[in-house]
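Colleague: Sequence plus predicted model, see below.
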Amino acid sequence: MTENRPAKPQSGRHNLDPHLDRYAARTAGMTASEIRALFAVASRPEVVSLAGGMPNLAALPLDTLSAQVGEIIATEGLVALQYGSAHGVPALRDQICEIMSLEGIKAHPDDVVVTVGSQMGLDMVTRLFCDPGDVVIAEGPSYVGALGSFSAYQANVVHVAMDEHGLVPEGLREALRQTEKAGKRAKFLYTIPNFHNPAGVTLALDRRAEIVEICREYGVLIVEDNPYGLLGFDGQTYPALRSLDPDNVVYLGSFSKTFASGLRVGWVLAPHAVREKLVLAAESATLCPPTFNQMIVSRYLATHDWKGQVKKFRENYRERRDAMLSALQQYLPPGCSWTNPDGGFYVWVTVPEGVDTKAMLPRAVTARVAYASGTGFYADGFGSRQMRLSYCYPTPERIREGVRRLAAVLESEMDLSRTFGSVKARTIPGPETPSPDTV
Ligand code: PMP
């Protein structure tokens, strides 16, 4: 079935790959994200990077952590350094249930499966539910790492629009209607209800029940991805979709944004009936999540004021969000618009017609500012007038400077487009050794 083989690139260094005709068909969907391609360039010190979504860990109590890690080795070393169960460390699963109760979820620890970050949860859930050609409904734009998982399993993504109140229920209904009409099967709705990556919006309360209801009506599962839920700038939390319909929602959680992303500890809370398959999928991927890292998280939660720590993170991000919004207001040329996040890491910017954010990116990097262009957040090539700006990592001063530089690039791009018409995409120079894309 040659038509299922990945397309052979016509040019470039991939031609040197002697294994090209051996790869499985699904590898055709495995391409490096635009953000990943940019990572090495954007991390040069002279460039203000508003591109990546790395959590700002500076407020972590490193001395306390260092002592705790030492204690774990000293007192429980032979357990911590041993294999564990694919399900995850029991004490941590209890604590995860307590954390989820902050968003109205009542869960049994048996239904929690600990993962290597929520990215692994996304991979497993897609593996469990999607055959090639199945449809996944996702917000447009959507998290780039989720789109990567969907395409790796050859699922087709149908995007549904959002407005400032999040996913539009009528758009969801229409997408499901159209999918059914086309004789396709939508397997799940993938949604990030809180402080969306990349859109920066939050799903309105009255829409939550409606969305749960629509998915029930069409027999579609919901995959609720919620890594930012505790990062509302006023400490506000919202009822999880999972709390509204426990039997039809798979919930993904993570300690990457509330504690430490490098520990790679996240979780999936599945409907009870799905749990067993999930544990088997986890087992085949990693045997078990890292015991040591789970014990670090568990001890930290038990002995440290982790809620106070999350508050510090939130204050830090709020200060940066304020810096970004005021700089956008001050510097961006007329015709640009942007979202107003109440939490999380990101602002989604729309630029005037005629400007192509992907084409503009090399010129922005030359002007020492980087962003993530919008097309990477869509599976269908949309997003050329959008960009994601992350405020989580740089200092407020750097954010202001970055936006100032970006505004200058945008102004000249708009001049060019007024003179010559739309500026077409140019190739972004690829770094020789791309670093892992963590967003
Ligand atoms: N989902 C969303 C929406 C994210 O933004 C991220 C990372 N930025 C992830 C999942 C993956 O997070 P992790 O694997 O670190 O838990």
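Modeller: Noted; the coordinates are in hand. This structure is a prediction, so every number in the text was calculated from the model and none was measured.

Colleague: Around the ligand, which positions in the stretch 201-350 of the chain sit nearby?
Modeller: Residues of the stretch 201-350 of the chain lying close to the ligand by Cβ under 6 Å from any ligand atom are D225, P227, S254, S256, S261, G266. Every C-beta, even on glycine, is put in place using the N, C-alpha and C of the backbone.

Colleague: what's the farthest-apart pair in those residues?
Modeller: Of all pairs drawn from those, the one with the longest distance (Cβ to Cβ) is D225 and S261, at 15.1 Å.

Colleague: Show me which of those two is the more surrounded one.
Modeller: Per other Cβ atoms under 10 Å, whichever of D225 and S261 has more neighbours is D225, with 29 against 19.

Colleague: From S256, how far out is that one?
Modeller: For D225, the distance to S256 (Cβ to Cβ, to the nearest Å) stands at 12 Å.

Colleague: Which neighbours do these two have in common?
Modeller: Shared contacts of D225 and S256, defined by Cβ atoms under 8 Å, 6 or more residues apart in numbering, are found at S118.

Colleague: Enumerate every residue touching the residue in the chain positioned nearest to the ligand.
Modeller: Nearest residue of the chain to the ligand: G117, at 2.6 Å (Cβ to the nearest ligand atom). Neighbour list for G117: S254, S256, S261, R264, V265, G266 [criterion: Cβ under 8 Å, 6+ apart].

Colleague: Roughly how far does it sit from S254?
Modeller: 6 Å.

Colleague: Then S49?
Modeller: Distance from S49 to S254, by Cβ to Cβ: 22 Å.

Colleague: same thing with P55?
Modeller: 10 Å.

Colleague: and the end-to-end length of stretch 101-110?
Modeller: For stretch 101-110, the first-to-last residue distance is 15 Å (Cα to Cα, to the nearest Å).

Colleague: and the stretch 1-150 of the chain, which residues reach the ligand?
Modeller: Applying Cβ under 6 Å from any ligand atom, we find that the stretch 1-150 of the chain lies next to the ligand at G53, G117, S118, Q119, Y143, G145.

Colleague: Quick one: neighbours of the fourth one, just the number.
Modeller: Q119: 22 surrounding residues under other Cβ under 10 Å.

Colleague: Could you pull up the residues touching it?
Modeller: Q119 neighbours (Cβ under 8 Å, 6+ apart): G145, S149, G266.

Colleague: Among the contacts of G117, which lie within strands?
Modeller: If you go by DSSP state E, the contacts of G117 have S254, G266 in strands.

Colleague: you'd agree G200 is up against N340?
Modeller: Yes. Using Cβ atoms under 8 Å, G200 is in contact with N340, at 7.3 Å.

Colleague: so how far is stretch 364-374 from its chain's centroid?
Modeller: With Cα atoms, centre = their mean, to the nearest Å as the basis, stretch 364-374 stands 20 Å off its chain's centre.

Colleague: Sorry, wrong one. I was asking about stretch 370-385.
Modeller: Mean-position distance between stretch 370-385 and its chain equals 14 Å (Cα atoms, centre = their mean).

Colleague: Compute the number of surrounding residues for P141.
Modeller: 25.

Colleague: circling back to that earlier point, for the contacts of G117, pick the one with the most neighbours.
Modeller: Using other Cβ under 10 Å as the neighbour test, these are led by V265, with 28 neighbours.

Colleague: And the strands in the protein?
Modeller: According to DSSP E, the strands that the chain contains are 48-49, 112-115, 135-140, 156-163, 166-167, 186-191, 221-225, 249-254, 266-269, 337-338, 346-350, 369-370, 372-373, 386-390.

Colleague: Could you dump the ones you listed into a markdown table and include mean pLDDT and distance to G88?
Modeller: Below are the strands of the chain laid out as a markdown table (pLDDT from 0 to 100; distance: least, Cβ to Cβ, whole Å):
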| stretch | mean pLDDT | distance to G88 |
| --- | --- | --- |
| strand 48-49 | 96 | 34 |
| strand 112-115 | 98 | 3 |
| strand 135-140 | 98 | 26 |
| strand 156-163 | 97 | 29 |
| strand 166-167 | 98 | 30 |
| strand 186-191 | 98 | 23 |
| strand 221-225 | 98 | 18 |
| strand 249-254 | 98 | 12 |
| strand 266-269 | 98 | 7 |
| strand 337-338 | 98 | 39 |
| strand 346-350 | 98 | 29 |
| strand 369-370 | 96 | 37 |
| strand 372-373 | 95 | 32 |
| strand 386-390 | 98 | 30 |
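
Colleague: quick one: which of those is nearest S412?
Modeller: strand 369-370 (13.0 Å).

Colleague: Please name every helix or strand in contact with that closest one.
Modeller: If contacts are counted by 3 or more Cβ pairs under 8 Å, 6 or more residues apart in numbering; DSSP states H and E, strand 369-370 sits against helix 34-42, strand 48-49, helix 396-420.

Colleague: Many thanks, I have nothing further to ask.
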